[in-house]
Structure formats: C-alpha cells, structure tokens
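K.L.:
sequence first, then the predicted structure, then my questions.
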Amino acid sequence: MYEFSLFQRVNTTCEQNKLDTGGKDKSFYTRLIANTAAIRSLYMELYGYQAKTELWFDEMIQTIISAHTGRSKKLQERDTQKEQKENWFLSNEITGMSLYVDRFCGKLQNMPAKLDYLTNLGVNFLHLMPVFQSPAGESDGGYAVSDFRKVEERFGTLKDLKDLQEKMAEKDMYLMLDIVLNHTSHQHEWAIKAKQGDKGYQDYFYMYDNRELPDQFEQTMPDIFPESSPGSFTYSKECHKWVMTVFHHYQWDLNYTNPAVFNAMLDTVFFYANLGVDILRIDAPAFIWKELGTTCQNLPKAHTILRLIKQCVQVAAPGTALLGEAIVAPKEIMKYFGTGEYTGRECDFAYNATQMALQWDALATGDIRVMLAAQYELLQKPYGTTWITYTRCHDDIGLGYDDSMIAAAGFNAYEHRKYLKDYYSGKFPGSPAVGALFSVNPKTQDARISGSLASLCGLEKALEYNNPVEIEMSIRKIILMQAQTCFLGGVPMLFYGDEAGYTNDYSYLDDPAKSYDNRWMHRPVIDWEKNTKTEEIGSIEHSIFSATQRLISLRKQLSVVADRKNLTWLTPHNIHVAGFLRAYDDQKLYCMFNYNSKASYITWYAFKEHGKGTKLYDRWQNKRYTVGEDHEYLIIEPYSFCLMEVVE
Ligand code: GLC
C-alpha cells in the first residue's frame with residue numbers, strides 16, 4: 001500500500017530540516033524514502049497504530065534526519081567507501097582485538113601509542129570494552145552505564161575517544177563500541193528521577209508496587225547470575241517499588257514497551273555511529289523485550305526492535321554495521337540475522353559462541369563429533385552476514401549448545417557437561433587446565449567456565465611444574481584454538497593478553513568490587529615489560545605472539561577465507577580431526593585441526609571427496625604434498641593443524 005500521507009509527512013520534515021534532497025542530501029533522502037514504509041511498519045508492530053504513536057513516530061523520523069545532518073563529511077565519505085566495497089565486513093583482511101582500555105594501557109590518551117603494537121600483530125579492528133560513565137564498584141566492567149554520552153573520567157574524555165577514532169581511521173583500522181541497550185545503571189539520570197518519584201521516568205523501567213507481578217515473572221525467568229545476583233527484581237528503598245534487574249541488582253532493565261525509551265536509545269545509537277564507530281556491539285539484545293509467562297529472552301519483539309534499529313542505521317549511518325551480542329542456542333542465534341523478509345536484514349554480525357564453546361569441548365575430550373553435530377545449524381547463516389569468531393573474550397564460556405548435539409555424538413548430555421566443567425575447573429584428575437566455574441545454578445547445577453586462554457590450555461600448570469613438554473603442548477593448544485578461529489569464516493576477535501600468553505590473574509579477589517565475579521581472573525592488567533618479550537626469540541611470549549601474527553597474516557593473504565558462505569565440513573575420517581574446506585572460484589583451502597594428544601592419521605581420500613586436486617601446499621608448515629592413495633595417510637602431529645592449499 002502506498003501511504004501518501006506518510007511520505008508527505010516525511011517530506012515536510014525533510015523540508016523543515018532544509019535538506020537538499022536533490023543535491024548533497026540526495027543519497028540520504030533516497031535511503032530514507034526507500035526504507036520509510038519498513039520503518040513505519042516495524043514501529044507500529046511495536047507500538048500499535050494509535051494517534052499518540054504517530055507523534056512518537058514523527059519524533060523518531062526527526063532523530064534519523066538529525067543523525068544524518070550531524071554526520072561529519074569525513075564519516076559520510078567513509079560510508080561511501082564502505083558501500084563501494086560491498087559487504088566490507090566479510091573481508092579476510094579484518095582481524096580484531098577486544099580490550100579494556102584501562103587494563104591495557106591506562107587511558108584513552110595512551111592508546112594511539114599502542115596502535116603500532118597492534119598493527120604489528122596484524123590487528124586492524126578494536127573492540128574497546130565499555131568506556132562510558134559507570135559507577136565504580138557497581139559497574140559490571142562498564143556494562144552498567146550511568147551516562148551514555150560521557151566517557152568515564154579515568155579513561156579520559158570524549159575528545160580523547162574521538163582523537164583515537166581519527167588516528168585509527170588514518171591507519172585504516174576499524175572501531176567497535178558497545179551500546180548497552182537492555183539496561184542502565186541505577187545511577188543513570190532516568191533511574192535517579194524514577195527513584196525520586198517521577199512517573200514519566202518510572203515508565204522507562206519495569207517498576208511494581210508489590211511482588212505480585214515480579215513473582216509471576218520470576219516463575220519463568222531464568223537467573224543470569226544465580227550466585228551473585230539471584231532473582232530478576234530488586235527493591236528500591238527510595239521509591240518503594242520492585243524494579244526489574246535481570247543482570248545485577250544495580251542494572252535496571254529499560255522498558256521498550258515505552259516508545260520514549262526506544263526513541264531515546266535510537267538517538268544514543270546515532271550518537272555512537274557519529275563518533276565514527278564502524279561496528280556497534282548491541283549488548284545483550286536477547287533480553288530487550290519482556291512478556292509475562294515467558295523466559296523474557298529471544299522474544300519476537302526483541303527482533304522487531306533490532307530490525308527497526310538496523311533499518312534506521314542503514315538510512316542515516318550506512319557504514320555502521322551491527323553486532324547482536326546474543327549468546328544463545330544455535331537455533332536461536334540464526335534469528336538474529338533476520339528471518340522471513342528480513343533475512344540478512346537484522347544484525348550484520350553475531351558471536352559464534354557455539355563454535356567457540358565446541359572448540360573447548362573438543363580440546364577437553366579430544367573428540368570433534370559434538371562440534372560436527374552442531375554445524376548443520378550454524379551453516380544456516382544467511383549470505384551477507386557474518387560471525388565474530390573467537391576463542392576467549394571477557395565473558396565466561398557457556399556450554400549452551402543443544403543436548404541433541406551431544407547425544408548425536410553418542411554422549412550423555414549431563415555427564416558430558418559435567419566432565420567439561422570438571423576438566424576446566426581442574427577437578428578432573430590429571431587435567432592440565434586451571435579455570436573456575438562461573439555462576440553455578442544450585443538448582444540445575446548448570447555452570448559456565450572462567451579462565452584465560454593460556455590457563456585453560458594448560459600453560460599455568462605447566463609453568464608451575466616447570467614442565468617443558470607440557471609448556472610446549474599448551475602453546476600448541478593455544479595456537480590450534482586460535483587457528484581454527486581464524487579460518488572458520490567471520491571476523492576473528494582476539495582477546496587482549498592472549499597474544500602474549502597471559503595466565504589467570506587472581507588479584508581480583510582482593511577487590512570487593514570484583515571478588516564476587518570470577519570473570520575478572522581472565523581480564524589481565526597488561527605488563528608492558530612482559531609484552532616486550534614478544535620480541536625475544538625463544539620466549540613463550542614470542543612463540544605465542546609470532547604464531548598468532550603468522551595466522552593473521554596468512555588469513556590476510558588467503559581471500560578464500562573471506563566469509564562468502566563457502567565452507568564445507570569434511571566427512572570425519574578421524575574423530576579427533578576437525579576439517580573443513582574453504583572454496584571460492586578455483587581456490588581451495590583444506591583446514592584440518594587435530595584435537596588429539598597423539599598424532600592423527602587422515603586418509604588421503606579426504607582430499608578427493610570435494611573435487612580434484614593432486615598437489616597440496618601446507619601454508620602453515622610450508623610443506624608440499626602429493627595426494628596419495630586412499631589407504632595412505634596424512635599424519636598430523638598432536639594439537640597441530642594444516643592449511644592445505646590446492647595448487648594443482
Ligand atoms: C553482556 C556482556 C557481559 C555483561 C552483560 C550485562 O553479556 O558481555 O559482560 O555482564 O552483557 O550487560
């Protein structure tokens with residue numbers, strides 16, 4: 001249906017804003033008109049066709065136009081360059097690192113001086129962990145934001161952030177920041193006003209006079225932090241109401257049934273986009289819509305909100321990609337890329353948390369069958385969208401893949417997960433890993449895993465026992481895990497410190513603001529003395545750093561690794577070896593990863609199932625091979641891998 005009055009209204013707003021729709025604002029105007037009907041129908045899906053919704057809708061259109069008029073010429077040019085690259089973020093040339101500015105180098109002003117360290121490693125994309133204002137002691141690592149537009153003083157100023165963005169752009173680097181959409185700190189201005197009794201701001205949150213509705217909600221809402229923050233509501237003494245707090249008691253959930261909340265947060269989205277953020281990480285989107293009688297996770301309207309944000313962003317800041325940080329089961333994650341007519345039109349990125357966890361599964365069991373059982377689901381990702389692939393991040397490792405995948409590999413799901421938890425918490429006899437269980441649910445015994453890449457791979461214990469063989473094995477495991485992450489398809493995101501083999505840091509136990517949350521054990525404070533060892537040949541730091549550097553550099557050289565939905569898993573000729581083929585036009589790359597503590601044998605037949613190719617070149621070991629007879633084998637060393645390019 002052509003809605004004449006709608007377009008008339010949009011045109012009037014454009015005129016009021018003095019847009020030059022035939023000249024410099026033409027491409028914005030074209031995008032706006034092309035998306036108006038979709039934006040409107042998504043908005044109405046959320047808020048209903050009512051007279052007052054129209055006013056909110058007009059306000060939102062004004063927000064989109066202001067975002068465009070406030071976008072600098074430089075950023076508009078960058079948008080155009082990205083548009084010309086078409087799906088710029090699918091590239092094999094991007095590798096990221098996620099870091100806490102303060103723990104990495106103190107403050108934002110010190111970041112530019114560290115860019116060379118990062119580019120030397122091959123990193124050209126940074127995820128800065130939250131830098132906006134967040135109360136000390138009640139910050140959840142910055143995910144409890146008290147001012148979305150003010151940089152936390154100890155990190156520096158907004159100008160420092162902007163300067164860093166410009167320096168990064170000059171070096172062709174990309175920037176990712178978080179938008180914490182689901183909640184604010186209880187010290188955010190809106191929450192303070194709500195506590196003071198302002199009804200308008202109380203409607204920004206889920207607030208109730210008594211326990212009646214909170215009790216009903218809690219019957220179906222799972223606890224996120226059952227140990228440190230059980231339940232989903234907190235009593236506010238100031239206004240005598242129960243407030244929904246799904247995460248910590250100091251993180252108040254925003255109420256998106258109120259269009260004022262959506263409009264205000266969309267404006268914040270644009271504030272970040274206009275700072276020059278290339279990828280916006282939407283924190284915890286699975287939780288943004290709540291309905292009684294449900295888990296309040298992954299609800300259809302959470303997707304409506306994301307789609308709406310996506311359509312608005314592509315109008316006013318088309319170079320900004322969206323990452324939906326949903327750490328959910330494989331079937332659910334696919335929906336964050338959009339479904340139906342919105343397939344490929346919701347989030348551009350999601351974390352491949354399932355694959356990440358399955359690599360940890362394979363490392364502990366030496367068996368890749370559960371990993372394989374999950375791939376059918378994971379390969380459903382639509383073309384044009386991509387993953388953030390990773391081995392470790394600031395969060396815990398959740399074992400949230402489906403029981404059916406564990407069963408398909410022939411294991412009992414409960415026993416299997418119990419083994420993984422025991423293995424990584426070091427409880428299992430002989431386990432080389434040193435980690436800890438995070439958020440154990442006393443009712444279900446569900447738990448996640450904390451620990452740094454190096455410690456979970458055995459380096460901490462090997463160093464303690466000064467065991468050179470185990471040190472070597474742990475380094476191999478670290479590189480094996482990073483290698484699979486790098487070649488799987490998607491943008492690999494390293495976690496700072498992992499490139500230099502940082503083991504767990506237990507100092508968080510002495511800080512009452514952190515001691516309740518063992519995720520801090522794997523969030524190191526960088527010691528730049530130690531990091532200089534990355535240059536010292538023979539040191540552990542150098543072994544890990546240089547291998548990581550080589551992986552990134554190889555990835556950049558092999559365009560077949562760009563995520564063109566061009567990955568085929570190989571038949572598991574050996575249950576210890578995860579193997580896949582990346583193919584594009586006449587380029588072919590076989591990637592094989594041995595999760596076994598012993599050498600593994602792969603029949604040469606594995607290289608014949610997907611078309612011809614007789615000569616192979618292992619880009620990792622720099623070795624040439626001729627594909628042999630079916631009864632002959634390629635031998636892959638313990639915890640090693642090969643990246644076989646088909647050369648003939
Ligand atoms: C995301 C963050 C996590 C935080 C949570 C609440 O999952 O990654 O660190 O605790 O959101 O904001």
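P.N.:
Happy to help now that I have it.
K.L.:
so what's the closest residue to the ligand within the stretch 401-550 of the chain up against?
P.N.:
Closest approach between the stretch 401-550 of the chain and the ligand, counting by CB to the nearest ligand atom: Arg519, at 7.1 Å. (Each C-beta comes from the backbone N, C-alpha and C, glycine too.) Contacts here follow CB atoms under 8 Å, 6 or more residues apart in numbering; on that basis Arg519 touches Gly141, His394, Asp395, Asp396, Phe438, Ser450.
K.L.:
would you confirm that it belongs to a helix?
P.N.:
Yes - Arg519: assigned to a helix according to DSSP: H, G, I helix; E, B strand; the rest coil.
K.L.:
sorry, back to before: can you tell me which of the contacts of Arg519 has the most neighbours?
P.N.:
Ser450 (25 neighbours; other CB atoms under 10 Å).
K.L.:
show me what that residue is bridged to.
P.N.:
Note on Ser450: beta-bridge partners by DSSP bridges are Ala436.
K.L.:
give me every residue that touches the residue of the stretch 301-450 of the chain found nearest the ligand.
P.N.:
Closest approach between the stretch 301-450 of the chain and the ligand, counting by CB to the nearest ligand atom: Asp395, at 4.8 Å. Neighbour list for Asp395: Ile327, Arg519 [criterion: CB under 8 Å, 6+ apart].
K.L.:
for it, which three-state class applies?
P.N.:
Strictly by three-state DSSP, Asp395 counts as coil.
K.L.:
show the pLDDT at it.
P.N.:
Asp395 is assigned a predicted lDDT (pLDDT) of 97.
K.L.:
same thing with Met1?
P.N.:
Met1 is given a pLDDT of 65.
K.L.:
shaky segments in this protein?
P.N.:
Scanning the chain for pLDDT under 70 picks out 1.
K.L.:
can you list phi and psi of Ser99 for me?
P.N.:
For the record, residue 99 is Leu, not Ser. Here is the backbone geometry of Leu99 (degrees, to the nearest 10): phi -150, psi 150.
K.L.:
name the nearest residue to it, ignoring sequence neighbours.
P.N.:
Nearest non-adjacent residue to Leu99, counting by CB to CB, 6 or more residues apart in numbering: Tyr496, 3.7 Å away.
K.L.:
determine the number of other residues adjacent to Ala547.
P.N.:
Neighbour tally, Ala547, other CB under 10 Å: 19.
K.L.:
so it makes contact with Ile479?
P.N.:
Yes - applying CB atoms under 8 Å, one finds Ala547 in contact with Ile479, separated by 4.6 Å.
K.L.:
how about the contacts made by Thr385?
P.N.:
Phe337, Gly338, Gly344, Cys347, Asp348, Phe349, Ala350.
K.L.:
can you check Ser185 too?
P.N.:
Ser134, Pro135, Glu138, Ser139, Ala144, Val145, Ser146, Ala191, Tyr250, Gln251, Trp252.
K.L.:
repeat that for 6 Å
P.N.:
Ser185 sits next to Pro135, Ala144, Val145, Ser146 when contact means CB atoms under 6 Å, 6 or more residues apart in numbering.
K.L.:
for it, grab phi and psi.
P.N.:
phi -70, psi 150.
K.L.:
how about it: which residues does it bridge to?
P.N.:
Those that pair with Ser185 in a beta bridge, by DSSP bridges, are Gln251.
K.L.:
returning to what we had before: out of the contacts of Ser185, what pair is the most spread apart?
P.N.:
Maximum pairwise distance in these, criterion CB to CB, is 9.5 Å, between Pro135 and Val145.
K.L.:
higher neighbour count, these two?
P.N.:
Between Pro135 and Val145, counting by other CB under 10 Å, Val145 is the more crowded of the two (28 against 16).
K.L.:
you'd agree that one is up against Ser134?
P.N.:
Yes - using CB atoms under 6 Å, Val145 is in contact with Ser134, at 5.5 Å.
K.L.:
and the strand or helix carrying Leu55, how far from the chain's centre?
P.N.:
Secondary structure assignment for Leu55, by DSSP states H and E: helix 51-69. Here the centre of helix 51-69 is set off from its chain's centre by 30 Å, with CA atoms, centre = their mean, to the nearest Å.
K.L.:
ok, the helix or strand where Ile602 lies: who's next to it in the sheet?
P.N.:
If you go by DSSP H and E, Ile602 is part of strand 600-603. Partners of strand 600-603 in the sheet, by DSSP bridges, are strand 633-636 (antiparallel).
K.L.:
the strand it pairs with: which residues count as buried?
P.N.:
Tyr633, Leu634, Ile636 (16 or more other CB atoms under 10 Å).
K.L.:
equivalent analysis for stretch 332-346, please.
P.N.:
Across stretch 332-346, burial judged by 16+ other CB under 10 Å covers Ile333, Met334, Lys335, Tyr336, Phe337, Gly338, Thr339, Tyr342, Arg345, Glu346.
K.L.:
quick one: those residues as a markdown table, columns for secondary structure and distance to the ligand too.
P.N.:
Below are the buried residues of stretch 332-346 laid out as a markdown table (DSSP: H, G, I helix; E, B strand; the rest coil; distance: CB to the nearest ligand atom, whole Å):
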| residue | secondary structure | distance to the ligand |
| --- | --- | --- |
| Ile333 | helix | 14 |
| Met334 | helix | 19 |
| Lys335 | helix | 18 |
| Tyr336 | coil | 14 |
| Phe337 | coil | 19 |
| Gly338 | coil | 21 |
| Thr339 | coil | 23 |
| Tyr342 | helix | 24 |
| Arg345 | coil | 24 |
| Glu346 | coil | 18 |
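K.L.:
and the two most separated of the residues you listed?
P.N.:
Checked with CB to CB, the buried residues of stretch 332-346 reach their widest spread between Ile333 and Arg345, with 16.1 Å between them.
K.L.:
and the top helix by length along the chain, what's buried?
P.N.:
Assignment by DSSP state H gives helix 26-47 as the longest helix of the chain. Across helix 26-47, burial judged by 16+ other CB under 10 Å covers 28-29, 31-32, 35-36, 38-40, 42-43, 46-47.
K.L.:
same deal with stretch 618-635?
P.N.:
Asp618, Arg619, Trp620, Tyr625, Val627, Tyr633, Leu634.
K.L.:
surely Asp203 touches Asn258?
P.N.:
Yes - between Asp203 and Asn258 there is a contact at 5.2 Å, judged by CB under 6 Å.
K.L.:
now do stretch 141-160: everything it contacts.
P.N.:
101, 107-109, 129-135, 138, 161, 180, 184-185, 187-188, 250-251, 268, 271.
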